[in-house]
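Q: Dropping a prediction and its sequence here:
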Amino acid sequence: SDIESVHYVMGKYPPHLDCQLESKASGNGIELVGNYIEGNMYATQNLERVGVLINSITIDQPGIYKFSCQYPDGRTDPEIVLAVGPNMIYEFFNIAVKPIAVMILGVPIFVCTSTISILIIGFVAYKHNRSKNILAIGNE
């Protein structure tokens, strides 16, 4: 990637980093989930920026957060660039899979409730017809 006239080259594997995210309001740390999978890359359309996903974060409350990363051994080189943004794979599944899951779960529920409704209607019709027959026999 080229950022502010500096060229950054990504190696085969991202460096190991200790990253933290904390809420400025409460000071509470937010869990970072290690998400590095070889080949889990991202790139802008013009390939100006290329990188790899190394962590996932879920933030439940809006607010101001402090994100920082350090090398575990305290070194400062090589310099790296970190980008924070949505996990496109998660966003895809969040948008695409939820409606499919609703449909998959909704169809059996619809079939079951429809079947129960038809059985209730049939039972009531049977009882109603039977009571009419009993009244007709009683009036003879």
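A: Nice, thanks for sending it over.

Q: any chance you could map the helices in this protein?
A: Along the chain, counting by DSSP state H, helices occupy 88-138.

Q: Find the least confident helix or strand in it, judged by mean pLDDT.
A: strand 2-3 (a mean of 63; mean pLDDT, DSSP states H and E).

Q: Where does pLDDT dip in the protein?
A: 1-4, 6-13, 35-44, 47-50, 86-90, 135-140 (pLDDT under 70).

Q: ok, 50 please
A: Scanning the chain for pLDDT under 50 picks out nothing.

Q: and the gap between Leu105 and Ala96?
A: 16 Å (Cβ to Cβ, to the nearest Å). For the C-beta atoms, the positions are set from N, CA and C on the backbone; glycine is no exception.

Q: And for Gly63?
A: 29 Å.

Q: Ok, Asp60 next?
A: 23 Å.

Q: ok, now which ones touch Cys69?
A: Leu17, Asp18, Cys19, Gln20, Leu82 (Cβ atoms under 8 Å, 6 or more residues apart in numbering).

Q: and with 7 Å instead?
A: Taking Cβ atoms under 7 Å, 6 or more residues apart in numbering, we find Cys69 in contact with Leu17, Asp18, Cys19, Leu82.

Q: which of those residues lies closest to Ile134?
A: Cys19 (78.5 Å; Cβ to Cβ).

Q: Might one say that that closest one is in contact with Ile54?
A: No. Here Cys19 does not reach Ile54: they are 8.1 Å apart, not a contact under Cβ atoms under 7 Å.

Q: So for these two, which sits in the more crowded spot?
A: Per other Cβ atoms under 10 Å, whichever of Cys19 and Ile54 has more neighbours is Ile54, with 19 against 14.
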